[in-house]
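# coordinates only, no sequence provided:
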């Protein structure tokens, strides 16, 4: 009996304990749209860390639930993947697709541009404890520019993308 416990039960118990502990800090999500092309493709599998929100910053790719239509409604249980563009207190201006944060021109080398000629302009003031996000494929991304309530609440951010499993060679 002691041999069974040492050979099977202890490793099984430790494996379950390790899995439970790891799942408290990271999780996996699959990209469900093409709004982050060329950075991420639809179907990519991402490792996400449940990060301290003080550790996220401009340009990070985050995973969140969102209240698209009303800031007071319950957040949808659908996971969105977008790039963090604006932090609390930022003034965001988009003028003919050029991004400005606090009146500074931002060069975004990660944007996928299919040159379809669509232009977008708008101004946004990011409230306290909220964030502004955009997809990298701006021509098709449904993001902060178009949502009735354009900001992501701090408590709806689930984590920060730290690894794309789809980039592994097979």
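Structure's in. What do you need? Remember, predicted model here, so these are calculated numbers, not experimental data. Residues are numbered from 1 along each chain as shown.

# just give the number of residues close to residue 141.
21 (other C-beta atoms under 10 Å). Quick note: C-beta positions are derived from backbone N, CA and C, even for glycine.

# and the gap between it and residue 120?
Note on residue 141: its distance to residue 120, by C-beta to C-beta, to the nearest Å, is 10 Å.

# now residue 136
If you go by C-beta to C-beta, the gap between residue 136 and residue 120 works out to 14 Å.

# looking at the two, which has the bigger crowd around it?
The neighbour count for residue 136 versus residue 120, taken as other C-beta under 10 Å, is higher for residue 136 (21 against 13).

# wait, that one sits on residue 83?
Yes - applying C-beta atoms under 8 Å, one finds residue 136 in contact with residue 83, separated by 6.0 Å.

# give me the common contacts of those two.
36, 39, 110 (C-beta atoms under 8 Å, 6 or more residues apart in numbering).

# could you find the closest non-adjacent residue to the second one?
Using C-beta to C-beta, 6 or more residues apart in numbering and skipping residues adjacent in sequence, the residue nearest residue 39 is residue 136, 4.7 Å away.

# spatially central residue in this protein, please.
residue 62 (2.1 Å; C-alpha atoms, centre = their mean).

# which element is residue 124 on?
strand 122-125 (DSSP states H and E).

# can I get the shared contacts of residue 136 and residue 83 in CSV with secondary structure, pLDDT and distance to residue 161?
CSV is the format used below for these (DSSP: H, G, I helix; E, B strand; the rest coil; pLDDT from 0 to 100; distance: C-beta to C-beta, whole Å):
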residue, secondary structure, pLDDT, distance to residue 161
36, coil, 95, 10
39, coil, 94, 10
110, coil, 90, 13
